[in-house]
Every structure is written in structure tokens, then in C-alpha cells.
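Q: Compute the structure for the input listed below.
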Amino acid sequence: SDPLLDCAGLPRVDGIRPEHVSPAIASLLDEARALVERLTSEETLATWPRFAAPLADGIERLSRAWGIVGHLHSVNDIPAWSEAYNAMLPEVSRFYAELGQNLALFSKYRAILDSAEFLQLTREQQRIIANEVRDFRLSGAELPDEKKPRFQAIQEELASLAAKFSENVLDATNAFAEYVSDERELAGLPEDVIHAAREAAEKEGKTGWKFTLHMPSYWPVLQFADSRRLREVLYRASATRASEFGPAEIDNTPLIQRILELRQEESKMLGFESFADVSLVPKMAESVDQVLAFLRDMGQKAKPFAEKDVVELRDFAAKELELPTLEAWDYAYASEKLRQARYAFSAQEVKPYFTEPKVLAGLFHVVETLYGVRIKPDCAPVWHEDVRFFRIETRDGDLVGQFYLDPYARETKRGGAWMDE
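A: A predicted model of the protein is given here:
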């Protein structure tokens with residue numbers, strides 16, 4: 001009856017509750033460990049159908065359920081979900097750390113890689129085997145036994161730190177609010193932004209207007225508000241979220257320091273000079289020096305154009321906006337004014353022509369034209385009433401894929417939390 005254990009079809013996200021997490025994930029962890037024990041026995045042949053495929057399919061049940069838990073935590077970060085997620089995070093992290101250091105699994109993957117069967121596999125299957133061997137090495141499979149517990153502890157702590165980091169950013173974002181009572185400070189702001197700010201204040205039983213650090217409220221202030229004070233207040237609050245300038249309990253500074261220390265220790269244990277070297281192993285770039293050379297070359301080519309733009313913007317701001325010095329909170333505002341003055345173009349003026357339905361229709365049309373598919377509304381359980389669901393079909397009506405659309409900011413939703421799979 002636990003919806004997290006139902007792997008048939010789409011996730012039943014409308015019925016999954018925080019109390020489902022612990023029993024479901026614990027059960028799937030037991031199931032996955034039993035599978036690993038069976039597949040690492042000497043009786044199991046190191047072949048694709050007897051070993052690699054069953055392992056991938058079996059672990060997928062756990063990966064799917066934990067992925068759903070992580071997503072629901074991100075789009076509805078209330079205390080109950082945070083508690084449920086963080087309670088099982090060490091257990092899940094420990095399992096994957098153990099999996100990555102399992103020499104019996106590693107040896108079977110290497111046996112497939114070195115066997116005559118490997119050449120008979122599909123290109124995709126060969127890629128999977130090669131990547132598994134690579135990832136085992138990066139997970140510490142070849143470390144001496146006495147070093148593996150420490151490596152595993154590092155993995156668990158890094159996972160916990162990453163979760164806490166994201167929670168602190170969201171808590172800091174939600175903790176800030178700037179209430180405006182003087183209507184003159186609203187000059188320059190679009191009517192829809194003013195209306196939303198008034199509704200936000202009324203929802204709390206307050207008069208005036210409420211501005212927050214969520215993008216639909218924050219960015220229009222920096223771009224359009226004539227009030228330099230209001231722009232500065234919101235900019236500073238955003239730039240110092242979850243930092244040493246706020247409450248100590250949500251300060252990410254010590255977390256960042258600890259993450260860097262652990263990554264460096266992890267890299268040295270794996271025989272790399274830095275974490276940057278580790279991160280490049282599965283990527284196309286060949287070395288840290290190559291990446292830095294690319295960035296420096298790009299910077300040298302782009303910098304003269306950027307400097308020219310800045311001089312032009314500062315000159316315009318001094319002459320037309322009475323801003324002799326441009327601060328960080330002035331650039332978006334001055335750029336918008338320059339655009340209006342030079343090109344008679346305002347982002348606000350074209351906004352009515354780019355309503356969400358028109359933008360989505362245009363986006364879908366581009367995708368349909370490029371890939372020869374059709375995108376149609378579809379039905380599925382959703383985690384919030386604003387979420388929509390679509391299907392992608394071939395021209396002949398065959399199902400290619402499906403996706404959720406959740407573009408709206410919410411106080412319990414992390415920025416970018418809608419980007420998931």
C-alpha cells in the first residue's frame with residue numbers, strides 16, 4: 001500500500017506522504033543489499049544478462065523511490081518532508097558508498113569489460129560497462145581496506161552537507177521580506193508586480209506592499225524600481241543569503257569550508273591533485289589546465305567588449321539618471337533605461353505579447369518542428385495544483401516521453417527544483 005513501492009507507471013506523487021519514506025526506503029535498501037549479495041556470489045556469471053542487467057534493474061527501484069523523495073522534498077520543503085528526507089539520507093548515502101567500494105561487483109564489471117562478450121554488446125551496453133568500471137574507481141573500490149571506512153564517511157558527510165546547504169538557502173530566502181508603506185517607492189514598477197506585492201502583504205494582514213527574494217518579486221525591483229534604496233535593500237539581502245551576515249544557524253560559510261576540506265581529502269585518497277581533477281574524469285575536457293586555458297582565452301576575447309559596454313552604461317547613468325557611480329544594484333536598472341532610450345524598447349512593453357500560454361505554445365512549436373514530434377496535454381498525479389503534465393508523440397502517435405511543467409515560485413519550493421528527472 002506504500003505508493004513509493006509502486007514502480008508501475010508514473011509515480012503516485014499526489015498520495016506520497018513523509019511518513020511513507022522511512023519504511024519504503026528501508027525496505028528497498030534491504031532488497032537492494034540482498035540483490036547485491038546474490039549477484040556477487042561465485043555462481044553468478046559475469047555477463048550482461050546474468051549480472052549487469054539484473055543489477056541495474058534492481059538498483060533502479062531504490063533510485064526511483066529515492067529520486068521521488070528528493071524531488072518532493074525540493075518542491076515542498078516543509079518540516080515534515082525535511083525530517084523524512086534527512087532521516088534516511090545517511091542510510092541511502094551509506095548504501096551507495098558501500099556499493100561503489102564493493103570489489104566483488106567491481107571485479108565482475110571488469111571481467112565483462114575484458115571478455116569476448118564485450119565486443120558483442122550494443123554500443124550503449126559497452127558504454128554502461130565502461131562507465132561502471134570508471135565510477136567504481138572514483139568511488140574508492142581500489143582503495144586499501146583500511147582507508148575505505150574513511151572514504152565512506154566522507155561520502156555520507158558530503159551528502160548531509162549538501163542537503164543542509166540547500167535548506168539554509170531556502171530558509172534565508174523565505175525569512176526575508178521588505179514591507180513598503182510609501183507609495184512613492186513603487187515608482188517605475190510594473191502594475192502586475194505592484195499588485196502581487198499588495199496581495200502578498202494582505203495575505204499577512206498587513207498594509208502596503210511586500211517584496212521578497214523570490215524571482216517574480218526580486219528581479220522586477222532591480223530592473224524597474226526607481227527607488228535606489230529599495231533596489232539596494234533587496235540586492236544586499238539576496239547577495240548575503242545564508243552567509244555570515246545573517247543568523248548563525250543558517251550560515252553556509254562553515255559548510256562551504258567543510259565541503260572543500262572533504263573534497264580535497266577525497267581527491268587525495270583517489271590519487272588526484274584536486275577535486276577539479278576528479279570532476280573532469282567523466283567529462284570531455286582532458287585536464288584542469290585545458291579548462292583554465294579555455295576560460296582565460298574566452299575572458300581575454302570578451303573583456304574588451306564588456307569594458308566598452310560598462311563605460312557606455314556609466315556614461316548614460318551619469319548623464320541621464322543622475323547616478324555618478326554605478327553600484328551592483330544599479331546595473332539592471334540602468335541597462336533597462338538605456339535600452340528604452342536607445343532602442344525605444346522596454347522589456348515591460350513587450351511583456352503582454354509574451355504571456356505564458358504564448359511562450360509555451362512557441363516553445364512547443366520549436367520543439368515539434370525540430371524533432372518531428374507533437375506535444376499534447378496529458379493527465380497524471382501531480383504534487384501541486386499548479387503542475388501540468390504533457391506527452392510527446394511521434395507524428396504517427398507513438399509515445400516518446402512525458403514531462404511535468406512546474407514553473408511557478410513557491411515559498412516551500414527551492415529555486416530550480418522543477419528541474420528533475
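Q: can you give me the helices for the stretch 251-400 of the chain?
A: Here the stretch 251-400 of the chain has its helices, by DSSP state H, counting those that start in this stretch, at 253-269, 275-280, 288-320, 331-343, 347-350, 356-371.
Q: what about the residue nearest to Ala141 when sequence neighbours are not counted, helix or strand, and which?
A: Nearest residue to Ala141, sequence neighbours excluded (CB to CB, 6 or more residues apart in numbering): Phe106, at 4.4 Å. The way it works is simple: take the backbone N, C-alpha and C, and place the C-beta from them, glycine included. Assessed by DSSP states H and E, Phe106 sits inside helix 103-113.
Q: what packs against that helix?
A: In this structure, helix 103-113 makes packing contacts with helix 18-39, helix 123-138, judged by 3 or more CB pairs under 8 Å, 6 or more residues apart in numbering; DSSP states H and E.
Q: Model confidence score at Pro407, please.
A: Among the per-residue scores, Pro407 shows a pLDDT of 89.
Q: Confidence-wise, which helix or strand of this protein is lowest on average?
A: Lowest mean confidence among the helices and strands of the chain (mean pLDDT, DSSP states H and E): helix 347-350, at a mean of 78.
Q: list the buried ones in the helix holding Phe106?
A: Using 16 or more other CB atoms under 10 Å as the test for burial, helix 103-113 gives 105-106, 108-110, 112.
Q: go on, stretch 222-236?
A: For stretch 222-236, burial by neighbour count (16+ other CB under 10 Å) applies to 222-225, 227, 230-231, 233-235.
Q: doesn't Asp420 make contact with His71?
A: Yes - when contacts are counted by CB atoms under 8 Å, His71 is listed as touching Asp420 (4.8 Å).
Q: between those two, who's got more neighbours?
A: For His71 versus Asp420, the count of surrounding residues by other CB atoms under 10 Å is larger for His71: 20 against 14.
Q: quick one: contacts of the helix or strand harbouring the more buried one?
A: Assigned by DSSP H and E, His71 belongs to helix 53-75. With contact meaning CB atoms under 8 Å, 6 or more residues apart in numbering, helix 53-75 is reached by 4-5, 7, 11, 13, 16, 21, 24-25, 28-29, 31-32, 35-36, 39, 81-82, 84-85, 88, 92, 95, 99, 105, 128, 166, 383-384, 406, 410, 412-414, 417-418, 420-421.
Q: Same question for the helix or strand just after that helix: list its buried residues.
A: Counting by DSSP H and E, the next helix or strand C-terminal to helix 53-75 is helix 79-100. By 16+ other CB under 10 Å, the buried positions in helix 79-100 come out as 81-82, 84-85, 88-89, 92-97, 99-100.
Q: So which of those is the closest to Glu273?
A: Gly100 (21.2 Å; CB to CB).
Q: so that closest one makes contact with Arg137?
A: No - counting by CB under 8 Å, Gly100 stays clear of Arg137, with 9.2 Å between them.
Q: that older thread, just name the most buried of the helices and strands packed on helix 103-113.
A: helix 18-39 (a mean of 17; mean count of other CB atoms under 10 Å).
Q: what residues does that one touch?
A: Residues outside helix 18-39 that contact it (CB under 8 Å, 6+ apart): 2-5, 44, 51, 54-55, 58-59, 61-62, 65-66, 69, 80-81, 83-85, 87-88, 91-92, 95, 99, 102, 105, 108.
Q: again, but for stretch 367-387
A: Contacts for stretch 367-387 (CB under 8 Å, 6+ apart): 10-15, 71-72, 75-76, 364, 388-395, 400, 402, 404-406, 408, 410.
Q: Let's see which of the residues you listed end up in strands.
A: Residues of these located in strands (DSSP state E): 388-394, 400, 402, 404-405.
Q: Dump these into TSV; add neighbour count and distance to Glu266 as well.
A: Supplementary listing: the ones in strands among the contacts of stretch 367-387 in TSV, determined by neighbours: other CB atoms under 10 Å; distance: CB to CB, whole Å:
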residue	neighbour count	distance to Glu266
Arg388	16	41
Phe389	16	39
Phe390	16	40
Arg391	17	42
Ile392	19	39
Glu393	17	45
Thr394	12	45
Val400	12	39
Gln402	13	37
Tyr404	19	34
Leu405	15	37
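Q: tell me which of the residues you listed is nearest to Val359?
A: Val359 has its nearest neighbour among these in Leu405, at 11.6 Å by CB to CB.
Q: show me what contacts the closest one?
A: Leu405 is in contact with 360, 387-390, 418, counting by CB under 8 Å, 6+ apart.
Q: in the sheet, who's paired with it?
A: Arg388 (DSSP bridges).
Q: how close does it sit to Leu170?
A: Per CB to CB, to the nearest Å, Leu405 is found 21 Å from Leu170.
Q: again with Ala84
A: 16 Å.
Q: Out of the ones in strands among the contacts of stretch 367-387, give me the two with the largest separation.
A: Distance extremes for the ones in strands among the contacts of stretch 367-387: the farthest pair is Arg388 and Thr394 at 21.4 Å, using CB to CB.
Q: hmm, back to that, go through the contacts of Leu405 and say which is closest to Gln257.
A: If you rank those by distance to Gln257 using CB to CB, Trp418 comes first, at 30.3 Å.
Q: So, low pLDDT: which residues of this structure?
A: Along the chain, segments meeting pLDDT under 70 span 416-418.
Q: Counting neighbours, what do you get for the closest residue to Pro11 other than its chain neighbours?
A: Nearest residue to Pro11, sequence neighbours excluded (CB to CB, 6+ apart): Ile68, at 5.0 Å. Neighbour count of Ile68, defined by other CB under 10 Å: 21.
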